[in-house]
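[1] coords below, sequence missing:
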């Protein structure tokens, strides 16, 4: 047998077993190895090439599974006699630059990025321990992910948490675990809405929800936001006959104001009268630094018109992509039908979050973050005042993990945000979050990952440089 | 201080810390604990109740974070003097039955369930080892899940795998990692289609894809399937002007036939001429027992009209919910924009699959399953012949992980499937997978989890009993 030269496996970029696989395929294609030829045993080739046996085995198995090699028992392994000669010798596109996994580390978060919790303060050790335990306990039920509505212990833990922390009385059956807030919106859309249905939307309002809903064919009716939150009266006057309203009552996204109690009640009355749906996005109610929050709409929802969405992205981490939706009892059946059509989040993380909640780590972490975020917010607010003076106005807010810094109307916040992004700062323009109202201008900045006052100053000075150019 | 009785924490169903939390809230609500009252230290209460300190701490932290308790430094912890007396004493609905996570095990798979790989043969140990390593290596980038297109090493591993196993030349940039096949469909829909767009669909065809697309507002034009797969000529004749075609060319779902080469070429010609899109669902091409498969449409796609979808649900396990989509190079930008709007699968599993592929476990596992499934298919086919004789006709197929057992037209396969389901067998009726063609009748059964000939006989006898009633 005339074996080609395997000694120079120099293509360090792609896995050895794949290189070996291709050498064999090329050797077969070019006739260096003919049908019926015997190839070296795994053991002897591994020893000859100074490779791990597993590497050679992987290449051989790939070749066998593709029909190039065939086992002959004690007679060893041969090139398949059935090969028709039309074997392609092409190497795979892109494989020459194939790195081993783990070598590539994706870009981490950028300074001042919105929507991120403090990644440095996440209780990583506890999390890894709990997840590791769940991983090792993986069973057949987990592999099938049998409950489309969400892992039951997690739904129970969420119901208990909402009862104690938000005053929301619901059963675990009313809770659906979704792939992020967008998963919750998709679930609602599929279950309750038709293409072209219209609904109230805060203006300015959460950019990603707006894009998601518009992209899904929903018609959004922008309503202004003032110091009492969504202007419900405006909706009643101009667009009473819509199917839904999307609101962020605790800390309006992005302004941070709270929806006033009279407006909460007016909104609920409207929904009951119109048989409309209220989507309550309670995305960061956990983080509040002053005073006590108003009751969520869901806790006042006697008519069963509120769909309450919460997320673990802000309390744990966004890569987890776990959120939940609480639906009225009379809608459970419909939502279950939709869930059967939608994706399910891996059981491992659902079970880990359930443990994390039940063992008290969740409440403990929120409490720690509350005081940490109050501090970090202060770092940013002080740095902004020091560097920008009264060019930027930062209103006091009771909670949240970002600030809105208002600019005078003469400035172009989009151009400013673009310049800041070019300098590596992930801030956003307030006007981009607006639909058609005469846009207020300003900057949206996340502060959760600012570790020190010095860091805050550094980022804010860089922001100022972007501003000057 | 008049502390209520904490000694009888008898509600064994809910976590102790929650019970403790509620006892305190009730004590405060009923006035047993008044604003300003000092509560026992964590240490002393833990010792008094014979509980772990962490348990008491968790309850106290929840109470503090809710504003019921307030720390006074060396003076200890007191009931918050600001409490307004309107504290609700309601216990949370559903919490009385709150179990610890892990105690509930969801129903595993049912016998003969479609679409499941052999769960007993999954290399669980290797998987848990690799996932555990990735879990412990979790970093900030993983928490943010920075790459919306999918974890790069996984995209590279998929591109390399497709090159060697399916003859598909693509770069990692053309690969998008999605939340299951439905995630891939959603990605395609958002990127390329409008509400009401119409497309060819196999009849009978994959039920879940049909429901998903119809629910998303797509108009499906059913085309008959014969022994050469989708009847492309019928589409050209009756509905040439559609935007897309959804096909399962390797093993038509559910019939198992392969799309003939002339029809593959006709389909590609049509797509090029119409600038239509072909969605190639290659859901189980890994499992083939006889002969060599025809080249996938994607490998013949010189005009860039094919969207190739593969999944890890059948090779690894469905709870993983990982699939991928390969798009033409000129569409990468558009798909990236859509991915930014959609969910991202957790990095942990993406990284674990990447390792699994690169280290050769993937190819090895497929090879093992190929021979296992050929055996298990035989168990089922023999048992069906033995018990049903010529009442059921099971055509020979070259691959797949389910069989279609045809019934004579006089039978009602839906009633039969319902009766079998009532007996705990998860089979489906062939006619349910049909849109409007005169339905063939038959039964769809998964065989991957049939471990022995005896088990096959047991299930098939149960099936026969369902049939008799």
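    Nice, I can see it. Since we're looking at a predicted model, the values are computed, not measured. Numbering: from 1, shown residues only, chains lettered A, B, ... in the order given.
[2] Count the residues that sit near the residue lying closest to residue A:206 once chain neighbours are set aside.
    Here the nearest residue to residue A:206 in space, its sequence neighbours aside, is residue A:253; by Cβ to Cβ, 6 or more residues apart in numbering or on different chains that works out to 4.3 Å. Placement of C-beta: from N, CA and C, glycine included. By other Cβ atoms under 10 Å in any protein chain shown, the residues close to residue A:253 number 26.
[3] and residue A:253, how far is that from chain B?
    Using Cβ to the nearest Cβ, to the nearest Å, we find residue A:253 at a distance of 17 Å from chain B.
[4] Am I right that that residue falls within a strand?
    No. Counting by DSSP: H, G, I helix; E, B strand; the rest coil, residue A:253 is located in no strand; its state is coil.
[5] dump the residue contacts of it.
    Residue A:253 is in contact with A:202, A:205-206, A:281, A:283, counting by Cβ atoms under 8 Å, 6 or more residues apart in numbering or on different chains.
[6] Point me to the residue of the stretch 151-300 of chain A nearest chain B.
    Residue nearest to chain B within the stretch 151-300 of chain A (Cβ to the nearest Cβ): residue A:163, separated by 2.7 Å.
[7] Would you mind measuring from that residue to residue B:294?
    Remark: distance between residue A:163 and residue B:294 (Cβ to Cβ, to the nearest Å) = 58 Å.
[8] number of nearby residues for residue A:267?
    27.
[9] show me the contacts for it.
    Neighbouring residues of residue A:267 by Cβ under 8 Å, 6+ apart: A:230, A:232, A:245, A:247, A:259, A:278, A:297.
[10] Of those, which belong to helices?
    residue A:232 (DSSP state H).
[11] TSV for the contacts of residue A:267, including neighbour count, distance to chain B and pLDDT?
    Putting the contacts of residue A:267 into TSV (neighbours: other Cβ atoms under 10 Å in any protein chain shown; distance: Cβ to the nearest Cβ, whole Å; pLDDT from 0 to 100) gives the following:
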residue	neighbour count	distance to chain B	pLDDT
A:230	29	24	98
A:232	24	25	98
A:245	27	22	98
A:247	29	21	98
A:259	25	20	96
A:278	24	20	98
A:297	26	17	97
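[12] Strands - which of the contacts of residue A:267 land there?
    Counted as lying in strands by DSSP state E, out of the contacts of residue A:267, are A:230, A:245, A:247, A:278.
[13] what's the farthest-apart pair in the residues you listed?
    A:230 and A:278 (10.5 Å; Cβ to Cβ).
[14] okay, and the common contacts of those two?
    Shared contacts of residue A:230 and residue A:278, defined by Cβ under 8 Å, 6+ apart, comprise A:245, A:247, A:267.
[15] Contact residues of the stretch 351-469 of chain A facing chain B?
    Residues of the stretch 351-469 of chain A found near chain B (Cβ under 8 Å from any Cβ of the partner chain) are A:351, A:354-355, A:358-360, A:363-364, A:366-367, A:370.
[16] Any quick PyMOL command for the buried ones out of these?
    In PyMOL, this line selects whichever of those come out buried by 16 or more other Cβ atoms under 10 Å in any protein chain shown:
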select buried, chain A and resi 351+354+355+358+359+360+363+364+366+367
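[17] Now render the residues of the stretch 351-469 of chain A next to chain B as a markdown table, adding secondary structure.
    Putting those into a markdown table (three-state DSSP) gives the following:
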| residue | secondary structure |
| --- | --- |
| A:351 | helix |
| A:354 | helix |
| A:355 | helix |
| A:358 | helix |
| A:359 | coil |
| A:360 | coil |
| A:363 | helix |
| A:364 | helix |
| A:366 | helix |
| A:367 | helix |
| A:370 | helix |
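[18] now, among the residues of the stretch 351-469 of chain A next to chain B, which is nearest to chain B?
    The shortest approach to chain B among these belongs to residue A:360, at 2.5 Å (Cβ to the nearest Cβ).
[19] Not counting sequence-adjacent ones, nearest residue to the closest one?
    The nearest residue in space to residue A:360 (Cβ to Cβ, 6+ apart) is residue B:58, at 2.5 Å.
[20] and the one helix or strand the one you found maps to, how far from the chain's centre?
    Per DSSP states H and E, residue B:58 falls inside helix B:53-65. Chain-centre distance of helix B:53-65: 37 Å, with Cα atoms, centre = their mean, to the nearest Å.
[21] If you count neighbours, what's buried in it?
    Buried residues in helix B:53-65, counted by 16+ other Cβ under 10 Å: B:55-65.
[22] now the residues you listed as CSV including pLDDT?
    Below are the buried residues of helix B:53-65 laid out as CSV (pLDDT from 0 to 100):
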residue, pLDDT
B:55, 78
B:56, 82
B:57, 81
B:58, 75
B:59, 80
B:60, 83
B:61, 75
B:62, 72
B:63, 78
B:64, 75
B:65, 63
